[in-house]
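Asks: Here's a sequence, model it:
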Amino acid sequence: MKPSFRGVLPLVGLVACMGDEPVAAPVVDAGAAEASVTDAGADAPSTAACDPSKDFGPPVLVEELRSNLGEYGFTMNAAQTVAIFSRGTDVVQVRRSGPDTPFTGAAPLQLPPAPSVEGQMIVHSLSSDGLIILRGAGDGIGTPFTEVFSRPTVDAAFGAPVRLTIRGGEPFQGRFTVLAGDGSSFYWLEPSPQGRSVLLQVPRLGTTVNGGTQVTDFYPGTFALSYDGLVLYFTRKEAVFRATRATHADRFAGSQEITSLTLPQGDGGLVYALPTHVTRDDCSLYMTIGRVDGAHIYVAKRPK
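Replies: Presented below is the predicted three-dimensional model:
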């Protein structure tokens with residue numbers, strides 16, 4: 001799985017805070033309305049956004065995000081009201097009032113140029129509270145890097161980036177770094193002793209990365225994690241797969257193709273289908289779907 005473009009490909013996640021001491025994860029709970037609604041009684045109609053026992057339907061183009069420049073990568077806050085994605089060489093932010101309303105107000109974020117861009121795939125991702133962006137590189141001829149931008153409110157501008165390091169002050173060189181939805185740990189791709197890249201996980205400790213535990217035996221390519229970190233969505237060739245685990249101490253296993261997300265070639269020729277964001281309620285999966293004639297953002301939803 002390697003899309004043919006070189007540019008900005010947002011995934012999901014963040015890494016944040018200062019110093020080597022453990023820090024609390026950012027507050028990402030934006031209200032009880034985001035959580036799945038449990039059964040309040042046998043006669044009460046369900047108000048949940050979807051039926052979790054049903055699988056995703058076919059991906060549908062997010063029409064209001066489409067342009068002639070093409071869009072790719074998509075991440076969103078837990079409240080589903082602020083999102084970022086890439087359009088051309090810009091990182092664009094959009095807003096909406098709730099999960100069932102259209103996105104509006106698309107505007108490029110004024111981030112400084114990424115270092116060592118030439119020949120690399122650059123990834124951006126938005127934190128669950130919408131206050132932090134993680135930017136990193138991990139593909140191409142340059143050296144991987146990861147840096148963090150933060151802002152005090154979702155209406156404020158982002159500040160200057162801070163680099164992640166490993167113990168001793170050397171730059172952290174994980175590829176495609178992603179933070180779990182609850183902010184407790186983050187993930188990245190790194191070559192294994194067997195020579196293939198696998199997914200690693202480590203608790204978040206300030207801006208210093210210490211160690212890492214392997215959580216896949218396979219290369220997931222572009223991936224998205226469920227909010228609880230127990231489901232991994234990833235691409236294998238043109239198909240989208242899902243792997244699960246029981247706890248954060250386990251490895252992802254039992255990968256299965258999600259056939260409803262595997263699209264026919266069709267007009268323009270399917271090049272790739274990349275999962276990039278899963279909503280907190282696990283009801284919507286956002287994807288970049290690329291064809292010969294361009295890439296755009298799609299969403300697949302579980303029915304009620």
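Asks: Just give the number of residues close to Arg167.
Replies: 11 (other CB atoms under 10 Å). C-beta here means a position set from N, CA and C on the backbone, and glycine is covered the same way.
Asks: Correct me if wrong: it contacts Thr208.
Replies: Yes. In this structure Arg167 lies within contact range of Thr208 using CB atoms under 8 Å: 6.0 Å.
Asks: low-confidence ranges in the stretch 1-150 of the chain?
Replies: When the per-residue scores of the stretch 1-150 of the chain are filtered using pLDDT under 70, the ranges that remain are 1-46, 116-120, 138-142.
Asks: That one: strands as residue ranges?
Replies: Along the stretch 1-150 of the chain, the segments classed as strands by DSSP state E, counting those that start in this stretch run 60-61, 71-76, 82-87, 90-95, 104-108, 120-126, 132-140, 145-150.
Asks: Could you look up the SS state of Leu260?
Replies: Quick fix: residue 260 reads Ser, not Leu. Secondary structure assignment for Ser260 (DSSP: H, G, I helix; E, B strand; the rest coil): helix.
Asks: Provide a list of residues in contact with it.
Replies: Ser260 is in contact with Asp55, Phe56, Gly57, Pro58, Ala300, counting by CB atoms under 8 Å, 6 or more residues apart in numbering.
Asks: contacting residues around the second one?
Replies: Phe56 makes contacts with Ile258, Ser260, Leu261, Leu285, Ala300, Lys301, Arg302, as judged by CB under 8 Å, 6+ apart.
Asks: which two in those are spaced the farthest apart?
Replies: Maximum pairwise distance among the contacts of Phe56 (CB to CB): 12.8 Å, between Ile258 and Lys301.
Asks: Next one: the nearest residue in space to Arg95 that is not next to it in sequence from Asp217, what distance?
Replies: Setting aside the residues directly before and after it, Arg95 is nearest to Gly105 in space (CB to CB, 6 or more residues apart in numbering), at 5.1 Å. For Gly105, the distance to Asp217 under the criterion CB to CB, to the nearest Å works out to 43 Å.
Asks: Please say which of these two ends up with more neighbours.
Replies: Between Gly105 and Asp217, counting by other CB under 10 Å, Asp217 is the more crowded of the two (15 against 9).
Asks: In a helix, the more buried one, correct?
Replies: No. In this structure, Asp217 is coil, not part of a helix, as judged by three-state DSSP.
Asks: Do I have it right that it meets Val198?
Replies: Yes. When contacts are counted by CB under 8 Å, Asp217 is listed as touching Val198 (6.7 Å).
Asks: Show me the shaky parts of the stretch 201-304 of the chain.
Replies: By pLDDT under 70, the low-scoring segments of the stretch 201-304 of the chain are 264-268.
Asks: Find the residue closest to Lys301 in space, skipping its chain neighbours.
Replies: For Lys301, the closest residue by CB to CB, 6+ apart turns out to be Ser284, at 5.1 Å.
Asks: pretty sure that neighbour contacts Pro275?
Replies: No. With the criterion set as CB under 8 Å, Ser284 and Pro275 do not qualify as a contacting pair; they are 11.2 Å apart.
Asks: Which one's more surrounded, those two?
Replies: Neighbour count, other CB under 10 Å: between Ser284 and Pro275, Pro275 has more, with 29 against 19.
Asks: Need the three-state assignment for that one.
Replies: Using three-state DSSP, the three-state assignment for Pro275 comes out as strand.
Asks: Quick check: it vs Ala78, distance?
Replies: Shown here: Pro275 relative to Ala78, a distance of 18 Å by CB to CB.
Asks: what's the answer for Val60, then?
Replies: With the distance defined as CB to CB, Val60 ends up 22 Å from Ala78.
Asks: what's the first-to-last distance across stretch 61-73?
Replies: From the first residue to the last, stretch 61-73 extends over 13 Å; the measure is CA to CA, to the nearest Å.
Asks: cool, and stretch 85-95?
Replies: End-to-end distance of stretch 85-95: 12 Å, with CA to CA as the criterion.
Asks: Run through who's touching it.
Replies: Judged by CB under 8 Å, 6+ apart, the contacts made with stretch 85-95 from elsewhere in the structure are 7-10, 65, 67, 69-75, 81-84, 103-109, 111, 124, 133, 297.
Asks: Figure out the helix or strand that Phe176 lives in.
Replies: Following DSSP states H and E, one finds Phe176 within strand 175-179.
Asks: what's the average pLDDT for that strand?
Replies: Averaged across strand 175-179, the pLDDT comes to 83.
Asks: can I get the CA coordinates of it in PDB?
Replies: This file holds the C-alpha atoms of strand 175-179, laid out as PDB (Å, rounded to 0.1, in the frame of the first residue of the first chain):
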ATOM      1  CA  ARG A 175       7.100   6.800  10.900                       C
ATOM      2  CA  PHE A 176       3.400   7.800  10.700                       C
ATOM      3  CA  THR A 177       3.000   8.500  14.400                       C
ATOM      4  CA  VAL A 178      -0.600   8.200  15.700                       C
ATOM      5  CA  LEU A 179      -2.100   8.700  19.100                       C
END
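Asks: All good on my end, thank you.
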